[in-house]
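[1] Kindly return the folded structure for what I paste below:
(chains A and B)
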Amino acid sequence: SAVISQKPSRDICQRGTSLTIQCQVDSQVTMMFWYRQQPGQSLTLIATANQGSEATYESGFVIDKFPISRPNLTFSTLTVSNMSPEDSSIYLCSVHGTSGSYEQYFGPGTRLTVT
Amino acid sequence: GENVEQHPSTLSVQEGDSAVIKCTYSDSASNYFPWYKQELGKRPQLIIDIRSNVGEKKDQRIAVTLNKTAKHFSLHITETQPEDSAVYFCAASQYGNKLVFGAGTILRVKS
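    Reported below is the predicted structural model:
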C-alpha cells in the first residue's frame, strides 16, 4: 500500500485563523480524499481531490471554508479557514492502495484544536 | 445518498469469545464494503473488505459476510484477544470511491 504522510501532526490554533494541512504520498495517485473525524465520532468525507481539476465537495462542506489544492499526483493540501472551536477535529487524507484498486488507506492524521 | 448504520455502538466480550458487528446500507448501487480498526490515537487501518460479488471472506480470525438482498454486512472476530480492543468502523462505497462510514463500534475484550 502507499505510504502517506501528513504535516503537521497536530496544532493548536486561535479562532479566526487558518491552517493548511499537507498530505504527501510516495506514489502517484489519481484521487486523494480528505476526511474529518470529530472527537469520539466517525469519519466524514470533506472532499475528493483530483489532479488538474476542482475538488468535489460533499454536502455541508464548502470551498471557501475548506479550500483544497492538488498541484500534482503525489501531493494535496487542505486549508481550514476562519477556524472556530467546532473545527477541532482530526483531519485525514486517504488514497487508494494501487491504481484501480478499491482499498483506501489513511494518512496518520492532523489533530487540530481551536481555542 | 448512501447511509450506513452500525450496531452495536459498544460491545464487551470475554477473551476467547466471538464478536459480531453488523452494518446496513441504503444504496443498492454500493458494491464495496471495507472494515477499519482504529486504536486510540492512531489512523484507521483496513482489516478486511468484501465486494458485492462475494458472499463471505475470511482472513485468519476475522471474517466478513454480505447479504446484498437485505443490504447488510457483518464483521466476525473469533477467539478474541485483548489486542482486538479498538473502535471498528464499517463503510460502503461504489467502486472504492468515497467511503460512507458507520458510526463505529467500541469493542472491549476483557481478559
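[2] from here on, contacts and neighbour counts on C-alpha atoms
    Noted.
[3] Nearest to chain A: which residue in chain B?
    B:Gly96 (4.0 Å; C-alpha to the nearest C-alpha).
[4] Check the closest residue to that residue other than its chain neighbours and give its pLDDT.
    Nearest residue to B:Gly96, sequence neighbours excluded (C-alpha to C-alpha, 6 or more residues apart in numbering or on different chains): A:Tyr102, at 4.0 Å. pLDDT for A:Tyr102: 93.
[5] so what's A:Tyr102 up against?
    By C-alpha atoms under 8 Å, 6 or more residues apart in numbering or on different chains, the contact set of A:Tyr102 is A:96, B:32, B:95-97.
[6] Please identify the residues of chain B in proximity to chain A?
    Proximity of chain B to chain A, by C-alpha under 8 Å from any C-alpha of the partner chain, involves residues B:32, B:34, B:42-46, B:89, B:95-104.
[7] Turn the buried ones among those residues into a named ChimeraX selection, would you?
    To isolate the buried subset of those in ChimeraX, counting by 16 or more other C-alpha atoms under 10 Å in any protein chain shown, use the following:
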select /B:32,34,43,44,45,46,89,95,96,97,98,99,100,101,102,103,104
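[8] now, which of the residues of chain B next to chain A lie within strands?
    Cross-referencing the residues of chain B next to chain A against strands under DSSP state E gives B:32, B:34, B:45-46, B:89, B:100-101.
[9] can you tell me which of the residues you listed lies nearest to A:Thr56?
    Nearest to A:Thr56 among these: B:Val100, at 15.2 Å, using C-alpha to C-alpha.
[10] So that closest one sits against B:Asn3, correct?
    Yes: using C-alpha atoms under 8 Å, B:Val100 is in contact with B:Asn3, at 7.0 Å.
[11] ok, for the most centrally placed residue in chain A, nearest residue in space, not its chain neighbours?
    The centroid of chain A falls nearest to A:Trp34 when counting by C-alpha atoms, centre = their mean (3.4 Å). For A:Trp34, ignoring the flanking residues on the chain, the nearest one in space by C-alpha to C-alpha, 6+ apart is A:Cys93 at 4.5 Å.
[12] Let's see the pLDDT reported for the one you found.
    98.
[13] before we move on, what about A:Gln22?
    The score at A:Gln22 is 98. That number is its pLDDT.
[14] try B:Asn97
    pLDDT, B:Asn97: 86.
[15] Excluding sequence neighbours, find me the nearest residue to it.
    Once flanking residues are discounted, B:Asn97 sits nearest to A:Tyr102: 7.2 Å by C-alpha to C-alpha, 6+ apart.
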